[in-house]
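In: Return atomic coordinates for the entry below.
(chains A and B)
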Amino acid sequence: MRLSSTLQRTKVELPDPPGPIRMYFCGPTVYARAHIGNARPFILGMWLRSWLRERGYDVTLVHNITDVNDKIYEAAPGASAELAERATRWYLEDTGDLGLGQPDELPKATEHIPGIVRFIQELIDRDFAYAVDGDVYFRVARDPEYGRLSGQRPDQVEDQEPNPRKEDPRDFALWKANKPDEDTAWDAPWGRGRPGWHIECSAMAEELLGPCFEIHGGGLDLVFPHHENELAQSRALGHEFAQIWTHNGMLRFTGEKMAKSAGNIVSLRDAIDRWGRETVLLFFMTAHWSKPVDFSDETMAQAQAQWVSFQGAFRVSRSEPPSDEWKRFVDALDDDFNTPNALAVLHDWRSRGYWYLLDQGLELFGLSLPPMAGTGLDVERIRRERDEARKRRDWARADELREVIRRHGLDVVDESDGSRLVPL
RNA sequence: GGCGACGUGGCCGAGUGGCUAGGCAGAGGCCUGCAAAGCCUCGUACAGCGGUUCGAGUCCGCUCGUCGCCUCCA
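Out: Numbers count the residues shown, from 1 in each chain, chains lettered A, B, ... in the order given. Just a heads-up that it's a prediction; the model follows:
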C-alpha cells in the first residue's frame, strides 16, 4: 500500500508487514453547517481507515473540531460557545448520515487547553516562541527548514498586515490575548486568552497519537500556512510531526472552489437530502482523492445513475469468480487509494454477477446492496405458482402474480431455466 | 511577485513510454410473451508548438488556459 505524500512529493510505501497506523485528519471550524467540500477529507479519512483495516493495519483516526477561532467569534458575537456547540452537533449529524461511522477520536480544541498551553510553554522555553502583550508568536526565523512542506520560501511570502508585536511578519500566533468582544478565554502563564489555529492540531495530535505519526490528512488549501506551521511547531520540539501528508483536491462548484467565503455553497445536509448518501459517496469515488472535482447537477446525476445500476446487481445471474479476483480490487486501492480504478472493478463484478465480491467491495465504502427483505415461504410459493402459469402460457395470471410479488418488496426475474427473486 | 494543482472523446474520469480503462448519456442490432438484465457494433480523445525515443497522453522545454495558496478556507 502506498500513498501520495505532499512532503516527499511522491508516493510513499506504508509499513509492510502491516502495523499500527496513526492518522490525523484536519477537521472543520464549527461556525456554520458543513458544505459538501468539507465532507471530502472526512470521507477520505473514513474510507482510508476502512481500507487499511481491511489490509490488516491497526488504525487509529483522529479528526479534530476547531471550536474556538476568529470566525466563530465573528459569526456569533457574545455567543460563540453556543454556536460552536450547535455547529458541532450539525457536523456530527451530517457526517453521521453518510453512514461511514465515526472517527476514533473527535477532540475539541477547547477541551485540550492545558496540553496546548504546555506545548506553547515548551516552545518559549526552547526560544522558538515569545510572548508580547499577552500574545505568543512562533519565531519562524529559528526554523531553517521552514517551507519544506509547502515549497514556500519565507522570504518570498507576501507581506501580511503589519503587526507591530511580531518580531518578523512571518511569525504566526500561538496564543491570542483575550479581546473585549470575545466571550471565551482561558488562563495561561503569559495572560488570559485562547489558542491560535495551528497549535491545537500539533498539541492534540501529539497528545492522542504521539510524535511522528504515520498519516496526516486535510484539504489542499491547508498546506500553507496551516500544515507548514504545524510541522514547524513539532520540529521545534525536536521531532517530526507526521510521515505521510495527504492533501485532498478541492471541490469546485460554479467554476471555483466551494467555500463559505465565496458563497457558492451546497450544504452536506442538502446534498444528502436531495441525492441520497449513496450518491454522494459514489460521487467522491469517481475522482481520485488528490485531484480537484467538479460538483454539479450533471456529475451528481451520473453518480446517481451508477448507484441505480449497482442496486440492480442481483438481477444479473450469479456466477463464481476466479479465486484471485479480489486482488484486482486490492491492486487498485493499494496504489494510492485509486477509487476510480476500484470503481471500474466493481462495475465489472456487477456485470459478471460476482455478487459476493461486489457486496464486499461496496461495503468497504459504506455502500450496501438492497437486502432480500421479505423472502418468505409465501413469496417463494407465489414465484413457483407464477412459473407454472408461464409454462401454461397464462401470461395474464403470470403478470398478476408478479404484481403480488412486487407488493412484497421483491421482483422476479425470468431466466432460461426458471426464475429468481430479486430486491425491487 | 512567490509556491502549487490541473487541462483526456457529448459529459465524468483512470492512465508513472509500447497491450481495450471504466462509468454516464446517445445510435443501431441480438435476446425476450411482457418486464428486467445481459451481449454485440458505432462515434477514430489526449490544450498548442517544438524536442528526446524504434515508439509519447505518459519524459524534456516553451506557450496558452483554468483553479488554488501566500488573509485563522477542508
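In: Could the C-alpha coordinates of the helix ranked longest in chain A be exported in PDB?
Out: Counting residues, the longest helix found in chain A (DSSP state H) is helix A:36-54. Extracted in PDB, the C-alpha atoms of helix A:36-54 (Å, rounded to 0.1, in the frame of the first residue of the first chain):
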ATOM      1  CA  ILE A  36     -20.000  19.100   0.600                       C
ATOM      2  CA  GLY A  37     -16.500  20.200   0.100                       C
ATOM      3  CA  ASN A  38     -15.900  19.900   3.800                       C
ATOM      4  CA  ALA A  39     -17.000  16.300   3.600                       C
ATOM      5  CA  ARG A  40     -14.200  15.300   1.300                       C
ATOM      6  CA  PRO A  41     -11.500  14.900   3.900                       C
ATOM      7  CA  PHE A  42     -13.900  13.300   6.300                       C
ATOM      8  CA  ILE A  43     -14.900  10.800   3.800                       C
ATOM      9  CA  LEU A  44     -11.400  10.100   2.700                       C
ATOM     10  CA  GLY A  45     -10.300   9.600   6.300                       C
ATOM     11  CA  MET A  46     -13.100   7.200   7.000                       C
ATOM     12  CA  TRP A  47     -12.500   5.300   3.800                       C
ATOM     13  CA  LEU A  48      -8.800   5.100   4.300                       C
ATOM     14  CA  ARG A  49      -9.300   3.800   7.800                       C
ATOM     15  CA  SER A  50     -11.700   1.200   6.500                       C
ATOM     16  CA  TRP A  51      -9.400   0.100   3.700                       C
ATOM     17  CA  LEU A  52      -6.200   0.000   5.900                       C
ATOM     18  CA  ARG A  53      -8.100  -2.200   8.400                       C
ATOM     19  CA  GLU A  54      -9.100  -4.500   5.600                       C
END
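In: What average pLDDT does whatever helix or strand comes next after that helix get?
Out: Moving toward the C-terminus from helix A:36-54, the next helix or strand (DSSP states H and E) is strand A:58-63. When pLDDT is averaged over strand A:58-63, the result is 97.
In: In the stretch 201-350 of chain A, which residue sits closest to RNA strand B?
Out: A:Gly219 (2.1 Å; Cβ to the nearest atom of the strand). C-beta here means a position set from N, CA and C on the backbone, and glycine is covered the same way.
In: can you count the residues close to that residue?
Out: Residue neighbour count, defined by other Cβ atoms under 10 Å, stands at 21 for A:Gly219.
In: One more: A:Asn178?
Out: Other residues close to A:Asn178 by other Cβ under 10 Å number 16.
In: So it versus RNA strand B, what's the distance?
Out: Using Cβ to the nearest atom of the strand, to the nearest Å, A:Asn178 is found at 12 Å from RNA strand B.
In: hey, what's the closest residue to A:Thr10 other than its chain neighbours bridged with?
Out: Once flanking residues are discounted, A:Thr10 sits nearest to A:Ser4: 7.3 Å by Cβ to Cβ, 6 or more residues apart in numbering. For A:Ser4, the beta-bridge partners are A:Lys11 (DSSP bridges).
In: Give me the pLDDT for A:Ser4.
Out: 93.
In: Check the contact between it and A:Asp335; I expect there is one.
Out: No - if you go by Cβ atoms under 8 Å, A:Ser4 and A:Asp335 don't touch, sitting 10.1 Å apart.
In: Now the common contact residues for the two.
Out: Shared contacts of A:Ser4 and A:Asp335, defined by Cβ atoms under 8 Å, 6 or more residues apart in numbering, are found at A:Lys11.
In: Which of those two has more residues huddled nearby?
Out: The residue with more neighbours, out of A:Ser4 and A:Asp335, is A:Ser4; 18 against 14, by other Cβ under 10 Å.
In: Contacts only, for that one.
Out: For A:Ser4, counting by Cβ under 8 Å, 6+ apart, the contacting residues are A:Thr10, A:Lys11, A:Val12, A:Thr246, A:Ser290, A:Asp336.
In: if you set the cut-off to 6 Å instead, what comes out?
Out: Each residue near A:Ser4 by Cβ atoms under 6 Å, 6 or more residues apart in numbering is listed here: A:Lys11, A:Ser290, A:Asp336.
In: try A:Phe295
Out: Contacts of A:Phe295 by Cβ under 6 Å, 6+ apart are A:Leu251, A:Phe253.
In: residues of the longest helix of chain A that come out buried?
Out: A:36-52 (16 or more other Cβ atoms under 10 Å).
In: Likewise for stretch A:115-124?
Out: Buried, per 16+ other Cβ under 10 Å, within stretch A:115-124: A:Gly115, A:Ile116, A:Val117, A:Phe119, A:Ile120, A:Gln121, A:Leu123, A:Ile124.
In: Can you list the strands that the helix or strand harbouring A:Ile21 pairs with?
Out: Here A:Ile21 sits within strand A:20-25, counting by DSSP H and E. Here strand A:20-25 has these sheet partners by DSSP bridges: strand A:58-63 (parallel), strand A:213-219 (parallel).
In: what's the neighbour count on the nearest residue in space to A:Gly99 that is not next to it in sequence?
Out: Excluding the flanking residues, the one nearest A:Gly99 by Cβ to Cβ, 6+ apart is A:Gly366, at 4.9 Å. Look at A:Gly366: counted by other Cβ under 10 Å, it has 17 neighbours.
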